[in-house]
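Asker: got a structure for you, letters missing:
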């Protein structure tokens, strides 16, 4: 085969198909400048049918076109394969910048949304019980064995015996209200006798009639006059029934009209268990409770004229040849300074007492009332003894106690971002009361400001109440509550 010339090597074989010598095919594939198509001859496998190939070979113009096409393809491949490194890096940088800008815009939008959300206000939380008790236990009270009673320390509280809320007859204790209404309608200045009150024929007749049945009376004569002070002394010291009617007629024109004024005043003062049917208390339908009469006595004792008269052991009046003594035989004993006794069959022995006492280092009046006392000897004395025992007990009962101390932490102001500051009481709540008494405690919260909250900001008021007395204690923050950090606001 190697000795064949070119013509022999390209001679067509049987069937007109030109056989290509393998060595020739290899030579052509490696021949420089040969078209790619010319080098790609199928040399293996069975012969493939194809169109007859001319033995004369391709024309020079065809070979030139093939070579140009092959060169263009190689040039494009070299361009794609050998792109500049600087251009490639530039494209990467541009793409990265686009990603960064998109992420930055998205982050800015998210941050703006978070920062525009309102910051929650701080919240006040309290650790205060609804009530507190004064230290100690209430000792046994020497309540009367018969009747009903109550005792009271002004500003401290009222204690009542079992059944004392039911109205009962009060006998001559009724005259406390008579004097109270007279002094309301006709006020007196100290050491002034007041206006004159004429003694009418009707008043003389009433005196004689009541004296005949052994009622408590003071002698009067026709055409006599009494000053207001003298009439009040006769009413409150020897407890003259006839003078009670004389004062009613002088003030209101009739006893019935004056009784109506008494009941109106009782309603005004909140004495809801009290009803008056007459001015002397002889009528058993004139009723009240120990607590109601203590409240009335406390108000009456604020009038210096009344307080002075009920403290007299005896008085001298016109047309009475002897001293008229006070039925309150305990005056001056056990610190008792007033106010009124009473007695009759339906009412038993009655006594409303006021006595000096030291309460929490202060001088105060303590009160006791006894209605319905019974005794085989003297019902008045029985009421006096029971009242004096209650006065002694009242002095020992009252004591001072502090239920909230200044500086005590009573709660906290907390925030959603985890900052909490304590809340303190700025003052103490101290009461004088009976051991074991309950003090009601509640808090009125104030509107909390937005953070930051300065130290000392008032966040509420603690109200401590015992009876009718209420202590108000301001509550403030003990430290500054800082606002949330930027990180918290962005990541919440």
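Answerer: Yes, it's here. Note that the structure is a prediction, hence the values are computed from the model and not measured.
Asker: burial measure for residue 287, as a count.
Answerer: Residues within reach of residue 287, counting by other CB atoms under 10 Å, total 22. For the C-beta atoms, the positions are set from N, CA and C on the backbone; glycine is no exception.
Asker: could you shift the numbering so residue one becomes 588, and keep it that way?
Answerer: Yep, numbering from 588; the last one is residue 874 now.
Asker: so it makes contact with residue 757?
Answerer: Yes - in this structure, residue 874 is within contact of residue 757 by CB atoms under 8 Å, at 6.6 Å.
Asker: which neighbours do those two have in common?
Answerer: Residues touching both residue 874 and residue 757 by CB atoms under 8 Å, 6 or more residues apart in numbering: none at all.
Asker: where exactly do the strands run in the stretch 938-1079 of the chain?
Answerer: 949-960, 986-991, 996-1001, 1007-1012, 1016-1020, 1025-1032, 1045-1053, 1056-1064 (DSSP state E, counting those that start in this stretch).
Asker: ok, which of those comes nearest residue 968?
Answerer: Closest approach to residue 968 among the strands of the stretch 938-1079 of the chain (CB to CB): strand 949-960, 8.7 Å.
Asker: show me what counts as buried in the closest one.
Answerer: Using 16 or more other CB atoms under 10 Å as the test for burial, strand 949-960 gives 951, 952, 953, 954, 955, 956, 957, 958, 959, 960.
Asker: same question for stretch 997-1007.
Answerer: Those would be 997, 998, 999, 1000, 1002, 1004, 1006, for stretch 997-1007 by 16+ other CB under 10 Å.
Asker: please identify which of those residues is nearest to residue 734.
Answerer: residue 997 (45.3 Å).
Asker: surely the closest one and residue 1010 touch.
Answerer: Yes - in terms of CB under 8 Å, residue 997 counts as a neighbour of residue 1010; the distance is 5.9 Å.
Asker: now the chain, which segments are flagged as low pLDDT?
Answerer: Applying pLDDT under 70 to the chain flags residues 588-670, 742.
Asker: ranges for the helices of it?
Answerer: 593-596, 609-616, 623-626, 647-668, 672-703, 762-772, 788-799, 815-823, 828-839, 842-855, 877-887, 891-897, 966-984, 1073-1078 (DSSP state H).
Asker: distance to residue 1050 and mean neighbour count added to those helices, as a markdown table?
Answerer: Output for the helices of the chain, formatted as a markdown table (distance: least, CB to CB, whole Å; neighbours: other CB atoms under 10 Å):
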| stretch | distance to residue 1050 | mean neighbour count |
| --- | --- | --- |
| helix 593-596 | 125 | 10 |
| helix 609-616 | 110 | 14 |
| helix 623-626 | 105 | 14 |
| helix 647-668 | 89 | 11 |
| helix 672-703 | 40 | 10 |
| helix 762-772 | 33 | 22 |
| helix 788-799 | 54 | 15 |
| helix 815-823 | 41 | 24 |
| helix 828-839 | 43 | 24 |
| helix 842-855 | 27 | 16 |
| helix 877-887 | 24 | 23 |
| helix 891-897 | 34 | 19 |
| helix 966-984 | 25 | 22 |
| helix 1073-1078 | 36 | 12 |
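Asker: how's this protein carved up into domains?
Answerer: In the assignment given by automatic domain parsing, the structural domains of the chain cover 593-668, 676-704, 710-722+990-1078, 744-984.
Asker: one step back: anything in contact with each of residue 997 and residue 1010?
Answerer: 713, 1062.
Asker: got a markdown table for the domains of the chain, with distance to residue 735 too?
Answerer: A markdown table is the format used below for those (distance: least, CB to CB, whole Å):
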| stretch | distance to residue 735 |
| --- | --- |
| domain 593-668 | 119 |
| domain 676-704 | 67 |
| domain 710-722+990-1078 | 19 |
| domain 744-984 | 4 |
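Asker: indicate which one of those domains is closest to residue 728.
Answerer: Using CB to CB, the nearest of the domains of the chain to residue 728 is domain 744-984, at 5.7 Å.
Asker: distance between the ends of that closest one?
Answerer: End-to-end distance of domain 744-984 (CA to CA, to the nearest Å): 11 Å.
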